[in-house]
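Asks: Fold the stuff below for me.
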Amino acid sequence: MSSQRRLVHFSGVVQGVGFRYTARRLAGRFDVAGYVKNLPDGRVELLAEGTTDQIDAFLRAIDEQMGNYIRKTEQQIATLTDQFPGFEIRF
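Replies: Below is the predicted model of the structure:
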């Protein structure tokens, strides 16, 4: 399986609705590592490392739980770094 690092930015009403805590909880269901954090411009940034299938499933789960708050999702794929021991909320 192909592993990757994916940087995702979510726009919409994604701050103040439990988005980061939901993402962290959902990450526990998948073999992913990385972080989620609020950005000053009102977006939420999520960085996930893992197999393509696990990241895709993780992002689908986020969409199922938080899709009503998401207006736009932008994704960038990069080389896996394996620098994260787990998935965390960053402040």
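Asks: Which SSE is immediately downstream of the helix or strand residue 48 falls within?
Replies: For residue 48, the element it lies in under DSSP states H and E is strand 44-51. Of the helices and strands lying after strand 44-51 in sequence (DSSP H and E), the nearest is helix 52-66.
Asks: Give me the helices and strands touching that following helix, please.
Replies: Using 3 or more Cβ pairs under 8 Å, 6 or more residues apart in numbering; DSSP states H and E, the elements in contact with helix 52-66 are strand 3-12, helix 19-27, strand 32-38, strand 44-51, strand 70-78. (Glycine included, C-beta is placed from N, CA and C.)
Asks: Paired strands for the first one, with orientation please.
Replies: Strand partners for strand 3-12, identified by DSSP bridges, are recorded as strand 44-51 (antiparallel), strand 70-78 (antiparallel).
Asks: Highest mean neighbour count out of those strands?
Replies: strand 44-51 (a mean of 22; mean count of other Cβ atoms under 10 Å).
Asks: quick one: contacts of it?
Replies: The list of residues contacting strand 44-51 from outside it, by Cβ atoms under 8 Å, 6 or more residues apart in numbering, reads 1-10, 14-15, 19-20, 23, 27, 30-39, 55, 58-59, 62, 80-84, 87.
Asks: tell me, what residue is most central in the chain?
Replies: With distances taken as Cα atoms, centre = their mean, residue 46 lies nearest the centre of the chain, 3.6 Å away.
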